[in-house]
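Student: Okay, here's the prediction I keep looking at, along with the sequence it came from:
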Amino acid sequence: MINEDIYDVIIVGGGPAGMAAGIYAKRAAVKTLLIESDNIGGQINTSDVIENYIGFDIISGGDLSSKISAHASRYGLEIIKKKVNNIDPGVDFHEIKLDDDLNLKTHSVIVATGGNPRRLNIPGESENFGKGVSYCAVCDGFFFQDRTVTVIGGGDSAVEESLYLSKIAKKVYLVHRRNELRAGRLLQKRAFAENNIEIMWNTVPKKINSDKTGVVSVQLEDTVTSERHDLATDGVFIFIGFKPNNRLLPVDVKMNPDGYVITNEKCETSVPGIYVVGDLREKYAKQIITAASDGCIAALAAAHYTEEKKAEVLAVEEKNF
Ligand code: NAP
């Protein structure tokens, strides 16, 4: 049941960052609502195996989501499944507009809408996701020990992840559509020096082939000659950019040129009372564990902000009495 009064904290997004914020906000005894338009867990629901979340040596994304949901319901976190259309910032409170025209008032907002890796949109990509196709080397690299992997992209992420994979896999092909990398010089130098990284210039992937065991090869096209051939590979790691879901943020919220939100150490944005957590935030490591950490920090900061805001209002009322 939606309470029409002013909330202390409204969290938008039910991935690990948003859910951690919800748990910490409830523990801080502030009036909290979490809004999620899809399934609780967000991106982790698409991970078959998670091996880098502390306390779980191995767990599926679905199971971790269920555990997170159960943990939140233990504290009675109010969750509604609705789409947020707009966040309207205000001085005394902020307004959250839902797509059914309902408006909710809140002292603070924690935005945890994450983002999505860009997709190639080629045949075999979505069909083999989790069966050899991956968008996260830290999550899935381990499964390719002494095997052959192909990385797509030429930016910092593609080169950095190729270097990471080169320590695990026997061979790393780095497939890039141009004849020079976009990545920074230092990363390039390190990649060129690695014996088991082979860069395939002027090359684009056209199709990912698989059998019942998973990915077996990737069909590549030379952009100069248009010739095609199949390259045998056990895995395809795609790093062609990430799209942060920043659509809901008010215009006054400062972002970097890539669309990530700039926050302070409390996860607070340039608009007081609006916090951003998880993959949408400009930060060094985008991991489940850092998303959960952001959620904790933002919830504690938002609870403190809310108490101060209420005290301010009370002081004004007492003065006018
Ligand atoms: P990015 O810099 O946008 O690079 C994307 C790469 O993918 C580019 O090389 C691009 O080719 C290629 N690409 C894009 N669409 C493609 C397609 N459809 N088919 C084939 N290739 C395609 O993305 P990113 O590497 O994820 O980095 C994002 C931002 O985070 C950047 O600002 C980056 O500097 C930063 N970052 C920094 C670090 C670090 O400093 N350690 C690490 C990771 C990311 P073109 O070059 O031809 O456009």
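Tutor: Looks like it came in fine.

Student: Would you quantify the distance from the closest residue to the ligand within the chain to residue 23?
Tutor: Nearest residue of the chain to the ligand: residue 155, at 2.3 Å (CB to the nearest ligand atom). Placement of C-beta: from N, CA and C, glycine included. Using CB to CB, to the nearest Å, residue 155 is found at 35 Å from residue 23.

Student: The two: who's more crowded?
Tutor: More crowded of residue 155 and residue 23, by other CB atoms under 10 Å: residue 23, with 22 against 16.

Student: so which helix or strand takes in that one?
Tutor: For residue 23, the element it lies in under DSSP states H and E is helix 16-27.

Student: Quick check: buried residues in that helix?
Tutor: Within helix 16-27, the residues scored as buried using 16 or more other CB atoms under 10 Å are 16, 17, 18, 19, 20, 21, 22, 23, 24, 25, 26.

Student: Was I right to think the second one contacts residue 291?
Tutor: Yes: because the distance of 3.8 Å satisfies CB atoms under 8 Å, residue 17 is recorded as touching residue 291.

Student: residues bridging contact with those two, i.e. touching both?
Tutor: By CB atoms under 8 Å, 6 or more residues apart in numbering, residue 17 and residue 291 have these common neighbours: 112, 277, 278, 279.

Student: Quick one: buried ones out of those residues?
Tutor: Among the shared contacts of residue 17 and residue 291, those classed as buried by 16+ other CB under 10 Å are 112, 277, 278, 279.

Student: hang on, the earlier thing: confirm for me that the residue of the chain closest to the ligand is in contact with residue 183.
Tutor: Yes: here residue 155 reaches residue 183: they are 5.6 Å apart, a contact under CB under 8 Å.

Student: can you tell me how far the residue of the chain closest to the ligand sits from residue 165?
Tutor: The value you get for residue 155 to residue 165, if CB to CB is used, is 15 Å.

Student: picking that back up, rounded mean pLDDT for the helix holding residue 23, please.
Tutor: Per-residue pLDDT over helix 16-27 has a mean of 98.

Student: how much space between residue 66 and residue 252?
Tutor: Applying CB to CB to residue 66 and residue 252 gives a distance of 38 Å.

Student: Which one's more surrounded, those two?
Tutor: For residue 66 and residue 252, the more surrounded residue by other CB under 10 Å is residue 66, and the numbers stand at 14 against 10.

Student: Can you tell me the SS state at the more buried one?
Tutor: For residue 66, the secondary structure call by DSSP: H, G, I helix; E, B strand; the rest coil comes out as helix.

Student: and it, what is it in contact with?
Tutor: Listed by CB under 8 Å, 6+ apart, the contact set of residue 66 is empty.

Student: ditto for residue 177
Tutor: 154, 202, 203, 204, 223.

Student: Please report the distance of the first one from residue 241.
Tutor: To tie it back to what came earlier, the one meant is residue 154. For residue 154, the distance to residue 241 (CB to CB) stands at 11 Å.
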